[in-house]
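J.: below: sequence and its predicted model.
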Amino acid sequence: MRIINGFIKKKILAKNHKQNITTINKKNIFVFPNFRGFQIGFLVLFCFTASIFYQINFSLLLSIIIFIIFFISIIISFQNLNKLSISSYDHFIAAEKNSKIYLYIKNNSDNDKLNINLKVNETSITNLKIIKKTLKTSIDHTYKERGTFDLPTLNIFSKFPFGIVKSSSYLKLNNKAIVYPKPDLPTKKVLNLHNLDNLNNSNYEFDNIGEYKEGENQSRIAWKHSILKNKLLSKKFINENKINNILIDIDKIEAVTFEKKLSFATYLVLKSYKENIAFSLKHKEFRLPFSSTVQNKNKALTYLANV
């Protein structure tokens, strides 16, 4: 079965790459029996043989019924993958951590898609019970080191409706993953240098309601406001002694290795963004302007990933 899957993957990816295909269609879907399907196939063959040699009408009827079920399974399983488009978003991923690749799936047909599975490898499988028109989901993946890498090949498959045949396809996502260093909690000295040593222990006062940022404490989510606005909002707090901006100078961060410096710097960038503190990242000739925007955060993470 692995040999068959490997052959299918090679053929589909070669064709998709040549034609730059991002939508699953009849040209890149393979439908074949799984192990249970082969077992039932042998049963059909046995019943058909018995009906011929021993003229057992029940065996003939049983073989015809099972054959019809096979035929229906192939059609439904094929249509269950047909006309699905998959793209990715938010390509910033931490190295050495089990992170998520976020996917946007669009159903370009009029029929709901049921029991769709997404897989990168055998340990990361995401099951989607139903896809009506559009759906945001994710799949787990780990990059071992920082840098800019291709997103992994995505296997999308379904064993719907009877679990005896498997429709399968492979897509190579076109975007690149920006894999930044794993954020490590800096030493007390490094935190003190950036005035972040007592940030978590200081007294906060309520400020306003704002858009929820990834990484914020979920206990701060303002559920009533989120329901009214139809998007996640959180309660924003201010610190009486909060600093206005932070300069993160990689050269001045004390650490045993350069990679450790980058890990500390990554933590400082993400912490500053989370707390809505304007920050600048500096290293040799590279320097960002002071800002707490997501664009500034992404530029900083991109530099830390590739420096």
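T.: Structure's in. What do you need?
J.: poorly predicted segments of this protein, please.
T.: Applying pLDDT under 70 to the chain flags residues 1-22, 197-207, 214-217, 237-243.
J.: quick one, domains of it?
T.: 2-180, 188-202+241-306 (automatic domain parsing).
J.: can I get those in JSON lines with mean neighbour count?
T.: To be clear about C-beta, it is placed using only N, CA and C from the backbone, and glycine gets the same treatment. Output for the domains of the chain, formatted as JSON lines (neighbours: other C-beta atoms under 10 Å):
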{"stretch": "domain 2-180", "mean neighbour count": "16"}
{"stretch": "domain 188-202+241-306", "mean neighbour count": "17"}
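J.: what's stretch 244-260 in contact with?
T.: In this structure, residues lying in contact with stretch 244-260 by C-beta atoms under 8 Å, 6 or more residues apart in numbering are 181, 184, 186-187, 189-190, 193-196, 261-265, 268-269, 272, 277-284, 290, 300.
J.: ok, which stretches of the stretch 201-307 of the chain are strands?
T.: 204-211, 233-239, 245-249, 278-283, 286-287 (DSSP state E, counting those that start in this stretch).
J.: nope, the stretch 51-200 of the chain is what I was after
T.: 84-89, 92-94, 99-107, 113-121, 124-131, 134-141, 147-150, 153-158, 165-172, 176-180.
J.: of the ones you listed, which approaches K213 most closely?
T.: Closest to K213 of the strands of the stretch 51-200 of the chain is strand 92-94 (C-beta to C-beta; 13.2 Å).
J.: from the contact counts, what lies against that closest one?
T.: Contacts defined by 3 or more C-beta pairs under 8 Å, 6 or more residues apart in numbering; DSSP states H and E place strand 92-94 against strand 99-107, strand 176-180.
J.: could you redo the last one with a cut-off of 7 Å?
T.: Using 3 or more C-beta pairs under 7 Å, 6 or more residues apart in numbering; DSSP states H and E, the elements in contact with strand 92-94 are strand 176-180.
J.: the strand it packs on pairs with which strands?
T.: Partners of strand 176-180 in the sheet, by DSSP bridges, are strand 92-94 (parallel), strand 147-150 (antiparallel).
J.: got the angle between that strand and strand 134-141?
T.: Angle of strand 176-180 versus strand 134-141, following axes from the mean of the first three to the mean of the last three C-alpha atoms, to 10 degrees, is 50 degrees.
J.: could we number from 13 for the rest of this?
T.: Understood, numbering begins at 13; the last thing we discussed is strand 188-192.
J.: ok now strand 188-192, how far from the chain's centre?
T.: Centroid displacement of strand 188-192 relative to its chain, using C-alpha atoms, centre = their mean, to the nearest Å, is 13 Å.
J.: again with stretch 270-288
T.: Worked out by C-alpha atoms, centre = their mean, stretch 270-288 lies 23 Å from the chain centre.
J.: okay if I get the strands of the stretch 213-319 of the chain as JSON lines plus distance to H103?
T.: Formatted as JSON lines, these follow (distance: least, C-beta to C-beta, whole Å):
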{"stretch": "strand 216-223", "distance to H103": "20"}
{"stretch": "strand 245-251", "distance to H103": "24"}
{"stretch": "strand 257-261", "distance to H103": "22"}
{"stretch": "strand 290-295", "distance to H103": "19"}
{"stretch": "strand 298-299", "distance to H103": "21"}
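J.: quick check: which of the ones you listed is nearest to W235?
T.: Of the strands of the stretch 213-319 of the chain, nearest to W235 by C-beta to C-beta is strand 245-251, at 8.7 Å.
J.: tell me the bridge partners for F42.
T.: Counting by DSSP bridges, F42 is bridged to S180.
J.: for R48, find the nearest of the strands of the stretch 63-212 of the chain.
T.: Closest among these, using C-beta to C-beta: strand 177-184, at 9.3 Å.
J.: could you dump that closest one to CSV, C-alpha only?
T.: Presented in CSV, the C-alpha positions along strand 177-184 are these (Å, rounded to 0.1, in the frame of the first residue of the first chain):
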residue,chain,number,x,y,z
VAL,A,177,-12.5,2.8,-1.2
LYS,A,178,-10.2,5.7,-0.6
SER,A,179,-10.1,8.9,-2.8
SER,A,180,-6.8,10.6,-2.4
SER,A,181,-4.9,13.6,-3.8
TYR,A,182,-1.7,15.6,-3.1
LEU,A,183,-1.2,19.4,-3.2
LYS,A,184,2.1,21.3,-2.9
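J.: output the contacting helices and strands for it.
T.: Under the contact definition 3+ C-beta pairs under 7 Å, 6+ apart, strand 177-184 sits against helix 14-31, strand 42-45, helix 69-93, strand 165-170.
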